[in-house]
Structure formats: C-alpha cells, structure tokens
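Undergrad: 3D, please:
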Amino acid sequence: MTTPRVFVTRLIPEKGLDMARQAADIEVWQDPLPPPYETLLQKVKGLDALLCLLTDQIDANLMDAIGPQVKVISQMAVGFDNIDIPAATARGIPIGNTPGVLTDTTADFAWALLMSAARHVVDGDKFTRAGNWKTWGPIDFLGPDVTGATLGIVGFGRIGQGLAKRAQGFDMRLLYFDTQRYPEAEQKYGAQFVEMDTLLRESDFVSLHTVLSKETYHLMDDARLKLMKPSGILINTSRGPVVDPAALYRALSSDTIAYAALDVTDPEPIKMDDPLLTLDNIIIAPHIASASFQTRDKMAMMAAANLIAGLNGERLPNCVNPQVYDK
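TA: Below you'll find the predicted structure:
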C-alpha cells in the first residue's frame, strides 16, 4: 500500500507531528512565515491530505489543485473563516478543526489584556525601561478599578462564559449580548442579557468573543464605539475584522474611548505603518491568546487525530461540515 502524502503548512508542536508521521509521509513547511498562496498551490498537488492553519487561504481553486483524491483537510484552529466550507462540502472533503481545547487559555488571556489595560501594565513597563521612573508618583498611571465594574461580553459561547467565570471573583456586574440566550449560564454567572447598544452604553469593559461573519464584520464601527463610555476599555480576542481599525483609531485618538487591548488585528499581522501603532492607549499582542504549552500541544494532537481519521476513511472527531457524510 502506498503511504499517504501530507503537507503541513507550518511547524506545529512535535506531539502532533509525531502522530501524523505514524500515518503518513509528511512534508512540513519550515519557514516561520506561511507559504505564499502560489507556493501552496504547487505543494498540494496530488496530496492525500492537508494540515493547515488560519493563515492559509483554502479556497475552491486550491482544493481543485490538490485533486479529487484528497481525503481530508485538517486545520489546527478553532476558527475556519479562511476555508471555503461550501466548496469543500461540494467536493466531499471533510474539514477538521480543534474546538473546545483553547477555551480556558483564551479566556485567561482576555482577562490578562483587561487587567493590563486597566492598570497600565505595559505602559508602566515601557516607562521603566525608558529610564523615566524617578520617583513614586501619586497621579501617575491611574486607571479604573476592575472590582465592582461592569463587564460587557459580546458573544457568550464557551470563551465568553469563561471570561464571565473569571469576572465573578472580582464582583463585576456582567452583561452579555449574543444571537441566542443562555439561561443556565445567566443563572450560573449572574449575567444579564441585554441588547448590544445597552451593553456598550453601560459597560466599563467590553470584551469581544464572537465569530467572524458577514454580520460581525466591523461590528465595532464608529457608531458603536461612540456608544461606549469615554472611560471605556475595549478587548478583542476574537477575530481582527470584528473591529474596524480606522474607526478604532478615531475613537482612541479623540478620547471617544479610553483604551483598547487587542490580540487580533485587521489585517493580520498589523502593518507597521498602521496609525494604531502611533497611539499610547492601546495594547496589541501578536495573536497569542492560545499560546500555552498545554493548549498548543492539544491543538496539534487534535489536528493530527482529524488528519489520521480522514486518511483512514473514518469520521473526523471534530468535523466542521459533517454533511459530507450524508452523501
């Protein structure tokens, strides 16, 4: 029997690679940057499977370049907005992802951003490293209390509820908005469902945990940012395009809102001439919310498990488009 051929678009944790090597002949892209689209088109020809990341554009054209023999495309990520799911389903290609595993890790990081923004942790570090710390200042780096503040959570799925759980320890008032209600979570975390405009007006902190879709693209635009308190702080660990970056710049530079802390940007990575980088009242992390040893290992292993199941003609443990099995 011929050994299946697989291309892995980035160097992923070794635990996942070891699993994949036992099932296939794998080639791993070694460059720290993702393969250019044209290169990827050439690399995938004739493969039995592809293990990819959010940074890869997986469209109908690329699927056709792989060929009809492809058995699975496994993505090491929860999100899959980089993949043309209808095109994959039409071609009978199961798409795997890695849900659930990064809930706590991402909620932890969203909380870290919230605390860092409120208490000027990054600003203070820069101040110290620049040699500006001469004495204790009674009015330096003042920020809002977190304890007792109002936290608005946009998107109340697993990660949003994870943030609510952490906020309970700080006696925060919890508001949330979602396209659906979560009665059990409301009771568990003391969270109140409100409309989006109400959430923005009443929250001291607004944390985004929604998926990226046509409805959520640039959800936070000029109009919605203006609804926030002038003292308000915006946190985004969801997807970069959920926030309009030009609108965010206007809001931050005009004191419409006080501060923002982002783990994701639009585009990603952020361009070095982006005006957001000129502001002092923003933290921008390089998409590292899931970057714990344990979580990344689990993600790699889940991606490998999806890959191996697909190669063996078995149902993927985590399949984005299970309707392919109905054909």
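
Undergrad: going forward, measure contacts and count neighbours with C-alpha atoms only.
TA: Fine.

Undergrad: what about the nearest residue to residue 133 once chain neighbours are set aside, neighbour count?
TA: Nearest residue to residue 133 in three dimensions, chain neighbours excluded: residue 127, at 6.6 Å (CA to CA, 6 or more residues apart in numbering). Burial measure for residue 127: 12 neighbouring residues, criterion other CA atoms under 10 Å.

Undergrad: Am I right that residue 127 falls within a strand?
TA: No. Read with DSSP: H, G, I helix; E, B strand; the rest coil, residue 127 is helix and lies in no strand.

Undergrad: That one contacts residue 134, doesn't it?
TA: No. Residue 127 sits out of contact with residue 134 when judged by CA atoms under 8 Å, with a separation of 10.2 Å.

Undergrad: Which residues does whichever strand or helix holds residue 260 contact?
TA: Using DSSP states H and E, residue 260 falls within strand 259-262. Applying CA atoms under 8 Å, 6 or more residues apart in numbering, the contact partners of strand 259-262 are 113-114, 117, 231-237, 252, 281-285.

Undergrad: what's near enough to touch the nearest residue to residue 238 once chain neighbours are set aside?
TA: Excluding the flanking residues, the one nearest residue 238 by CA to CA, 6+ apart is residue 209, at 4.9 Å. Residue 209 makes contacts with 153, 154, 155, 156, 157, 159, 160, 236, 237, 238, as judged by CA under 8 Å, 6+ apart.

Undergrad: Quick check: the gap between residue 209 and residue 17.
TA: The gap separating residue 209 from residue 17 is 30 Å, by CA to CA, to the nearest Å.

Undergrad: Then residue 146?
TA: 42 Å.

Undergrad: Residue 44 now?
TA: To residue 17, residue 44 is 18 Å away according to CA to CA.

Undergrad: For these two, indicate the residue with more neighbours.
TA: Between residue 44 and residue 17, counted using other CA under 10 Å, residue 44 has the larger neighbour count: 23 against 18.

Undergrad: Could you count how many residues lie near the residue nearest to the more buried one when sequence neighbours are not counted?
TA: The shortest distance from residue 44 to any non-neighbouring residue, by CA to CA, 6+ apart, is to residue 66 (5.0 Å). By other CA under 10 Å, the residues close to residue 66 number 21.

Undergrad: which pair in the contacts of strand 259-262 spans the largest distance?
TA: Farthest pair in those (CA to CA) is 231 and 285. Separation: 21.6 Å.

Undergrad: circling back to that earlier point, any idea how far residue 95 is from the residue nearest to residue 133?
TA: With CA to CA as the criterion, residue 127 and residue 95 are 47 Å apart.

Undergrad: Spell out the secondary structure type for residue 18.
TA: helix.

Undergrad: Run a quick neighbour tally on it.
TA: By the criterion of other CA under 10 Å, residue 18 has 13 neighbours.

Undergrad: Report pLDDT for it.
TA: With respect to pLDDT, residue 18 has a value of 98.

Undergrad: Then residue 177?
TA: pLDDT, residue 177: 98.

Undergrad: After the strand holding residue 260, which helix or strand is next? Please name it.
TA: Assigned by DSSP H and E, the successor of strand 259-262 is strand 282-284.

Undergrad: So what are the sheet partners of that next one and their directions?
TA: strand 259-262 (parallel) (DSSP bridges).

Undergrad: ok, and for stretch 277-292, which residues are buried?
TA: Within stretch 277-292, the residues that count as buried by 16 or more other CA atoms under 10 Å are 281, 282, 283, 284, 287, 289, 290.

Undergrad: In terms of secondary structure, what does the longest helix anywhere in the chain contact?
TA: Using DSSP state H, we find that the single longest helix of the chain is helix 293-311. For helix 293-311, the elements it packs on are helix 14-21, strand 49-52, strand 72-75, strand 95-96, judged by 3 or more CA pairs under 8 Å, 6 or more residues apart in numbering; DSSP states H and E.

Undergrad: can I get those in TSV with distance to residue 105?
TA: As requested, the helices and strands packed on helix 293-311 are exported to TSV (distance: least, CA to CA, whole Å):
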stretch	distance to residue 105
helix 14-21	19
strand 49-52	21
strand 72-75	19
strand 95-96	21
